[in-house]
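A.B. asks: I'll drop the sequence and a predicted model, then ask my questions.
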Amino acid sequence: MSVWLPTAPCTPGDCVTVAGPRAGVARRVLRVTGCLAVLLVGVAAVPVVRMLRWLPAERLVRCWAWLLLAALGVRVRPIAVPGKEVGGSLVVSNHISWLDILLVAAVRPGRMLAKTEVGRWPLLGPLTAWGGTIFIDRDRLRALPGTVEQIATALRRGERVVVFPEGSTWCGRGGGRFRPALFEAAVRADVPVQPVTLRYRTADGPSTVPAFVGEDGLLPSLWRVVSVRGLVGEVEFLPQLPPVLFPGRRHLAAAAQRVVERGRHLDRLAHPSEPPVRVPGRREVPRSRVDAAR
């Protein structure tokens, strides 16, 4: 494993458990058909949105992502979404599935950092490119400094950039170390880091069905997702981390990882007696999560 090619021990056979209510074959086919229809609408809408620049692009992206997730049978549950932001921010999250990109886009869209292979995916690839995705060649470590500067430039312009600093997908039961290199962009641009925890669950509890791990293929993963009933994707926004409070990118990355990990493991109902903390422009969040960021 190289510095910039982290791998997870997760595999579909060892980590992905398909449990709970199952969708019938007809419903699965309908979901796949709906997914293709929403993708095609997105591709057709790209030149129109580019031409009519007065259209609210962020709102359109958010609505499109919601529609695509709904077509797949995934319900979005936003938690503690911040109010209107001023300036750029580096959104960092745990990474479980290809669905993660859609989940974040459905709540708070931003420019994504993705591996170059994503740009070659049918239909979804051109859409990600249109959305301003910053592509990184994971096989070329020498390209990393240029990518970091590209992210920093976007942040200085007041843009929101979304990254998955684990560098690989995990099944959700565990997670990887946050690589500090990408946090250098937030340090250079002097913008806050916005930790986000992603979770997937059904009525039976946490679910690993969406996990896109190991040598898993996109089509088998897609079929698993549309085969489940009642799948919910939770997007929880946690207290922001200003870079000025940390000695450098390594400490900043470690703090963000602790916050995201805590959000991944703690059930929001596990501490009913814990006094909440009011963060300006946000809903109340447990005090322990604020303390973890310090």
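C.D. replies: Done, it's in.

A.B. asks: helices and strands of the protein: which one bottoms out on pLDDT?
C.D. replies: Lowest on mean pLDDT, DSSP states H and E among the helices and strands of the chain sits strand 276-278, with a mean of 36.

A.B. asks: how about the strands of the stretch 1-150 of the chain, start to end?
C.D. replies: Assigned by DSSP state E, counting those that start in this stretch, the strands in the stretch 1-150 of the chain fall at 74-79, 89-93, 111-115, 134-136.

A.B. asks: closest to T202 out of these?
C.D. replies: Evaluated over the strands of the stretch 1-150 of the chain, closeness to T202 peaks at strand 74-79, with 10.3 Å, by C-beta to C-beta. Placement of C-beta: from N, CA and C, glycine included.

A.B. asks: Return the set of buried residues in the closest one.
C.D. replies: For strand 74-79, a neighbour-count test (16 or more other C-beta atoms under 10 Å) marks V74, V76, I79 as buried.

A.B. asks: which among those gets closest to R201?
C.D. replies: Taking C-beta to C-beta as the measure, R201 lies nearest V74 of the buried residues of strand 74-79, at 11.0 Å.

A.B. asks: Now T11. Nearest residue, chain neighbours left out?
C.D. replies: G214 (3.8 Å; C-beta to C-beta, 6 or more residues apart in numbering).

A.B. asks: what does L55 give?
C.D. replies: Nearest in space to L55, with sequence neighbours left out and distances taken as C-beta to C-beta, 6+ apart, is V49 at 5.5 Å.

A.B. asks: Repeat that for F135.
C.D. replies: Excluding the flanking residues, the one nearest F135 by C-beta to C-beta, 6+ apart is T116, at 4.8 Å.

A.B. asks: helices or strands next to the one helix or strand E261 maps to in the packing?
C.D. replies: In this assignment (DSSP states H and E), E261 forms part of helix 249-265. In terms of contacts (3 or more C-beta pairs under 8 Å, 6 or more residues apart in numbering; DSSP states H and E), helix 249-265 is packed against strand 89-93, helix 183-189, strand 193-202, helix 287-292.

A.B. asks: Okay then, goodbye and thanks.
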